[in-house]
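In: A predicted structure for the sequence below; I have some questions about it.
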Amino acid sequence: MVDVSAEVATALTSSGICEASLEAEVLVRYVLDMDRVDYFSSLTETFKQSEECRLNSLVCRRMSGEPLAYVLGCREFYGLNLVV
């Protein structure tokens, strides 16, 4: 999972996305339906093919300039998950 997150961060950085590492983590966690604690305790796990395809689709949308909130369909605000 660490390799995938790093690859996503590199791709986002090359597209001029600020906070690429954070957005990469958010995208990976979204695809895997994990909170931060689960994410950091599962860094050595591998992706399934279906999860990787879904992540690639979301990363492409983000790299094309679509806001992260639109890609995910929600935005966190003070602990609340707001639908966008």
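Out: Okay, I see it. Residues are numbered from 1 along each chain as shown.
In: show me where the protein has strands.
Out: 74-77, 80-83 (DSSP state E).
In: Now do the residue most central in space within the chain, the pLDDT please.
Out: Most central in the chain under CA atoms, centre = their mean is Leu27, positioned 1.0 Å from the mean C-alpha point. We have a pLDDT of 97 for Leu27.
In: excluding its backbone neighbours, what's nearest it?
Out: Spatially, and ignoring its direct neighbours in sequence, Leu27 is nearest to Leu58 (5.5 Å; CB to CB, 6 or more residues apart in numbering). Where C-beta positions appear, they are placed from N, C-alpha and C, glycine not excepted.
In: so how many other residues sit close to the one you found?
Out: Neighbours of Leu58 under the rule other CB atoms under 10 Å: 20.
In: Of all the residues in the helix ranked longest in the chain, which ones are buried?
Out: Counting residues, the longest helix found in the chain (DSSP state H) is helix 49-63. Neighbour-count burial for helix 49-63 flags 51, 54-55, 58-59, 61-62 (criterion: 16 or more other CB atoms under 10 Å).
In: Minimum pLDDT in the residues you listed, which residue is that?
Out: Glu51 (94).
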